[in-house]
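Participant: let me see the structure of the following:
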Amino acid sequence: MIIRNLLFIAFALFVASSANAQSVKLTSIQISEILNGNTASGKWDGEVYNQYFDADGTTIIIKADGFENIGKWKINHETEEFLSKFPGDIDWQSLYVMEYLSEFYWV
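Facilitator: Modelled structure (predicted):
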């Protein structure tokens, strides 16, 4: 009986801790706060990259292989999406910015 109770408590604690680990969609204000004047680093199609977001709306992507691309970025405050556009793009690409376990992701 004691083992059953301990297993139940362990399971309940696991479920409770898992419930707290949910991804959260950032608001337009939060997106602006984390991007404006800052650099994001990560992997894009398996390649390491850095992307800088200037307050004037310019964004620069630099990949580990030396590839550079300069584009524009902005925030759609109505849909709370991050938007970017690079040379050759016809339309703005829109993405949600999500936070999960203190990490940020484009979706």
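
Participant: how about low-confidence regions in this protein?
Facilitator: Under the criterion pLDDT under 70, the flagged ranges of the chain are 1-21.

Participant: for the longest strand seen in the chain, packing partners?
Facilitator: In the chain, assigned by DSSP state E, the strand with the most residues is strand 68-76. If contacts are counted by 3 or more CB pairs under 8 Å, 6 or more residues apart in numbering; DSSP states H and E, strand 68-76 sits against helix 28-35, strand 58-63, strand 81-85. Yep, even glycine has a C-beta here, placed from its N, CA and C like the rest.

Participant: the first one packs against which elements?
Facilitator: Counting by 3+ CB pairs under 8 Å, 6+ apart, the packing neighbours recorded for helix 28-35 are strand 68-76, strand 81-85, strand 97-100.

Participant: that helix vs strand 58-63, what angle?
Facilitator: 50 degrees (axes from the mean of the first three to the mean of the last three CA atoms, to 10 degrees).

Participant: hmm, who's touching the following helix or strand past helix 28-35?
Facilitator: Using DSSP states H and E, the next helix or strand after helix 28-35 towards the C-terminus is strand 38-44. Here strand 38-44 makes contact (CB atoms under 8 Å, 6 or more residues apart in numbering) with 48, 49, 50, 51, 52, 53, 61, 63, 104.

Participant: please apply the same query to stretch 87-95.
Facilitator: Contacts made with stretch 87-95 from outside it, assessed by CB under 8 Å, 6+ apart, are listed as 69-71, 74, 76, 79, 81-85, 106-107.
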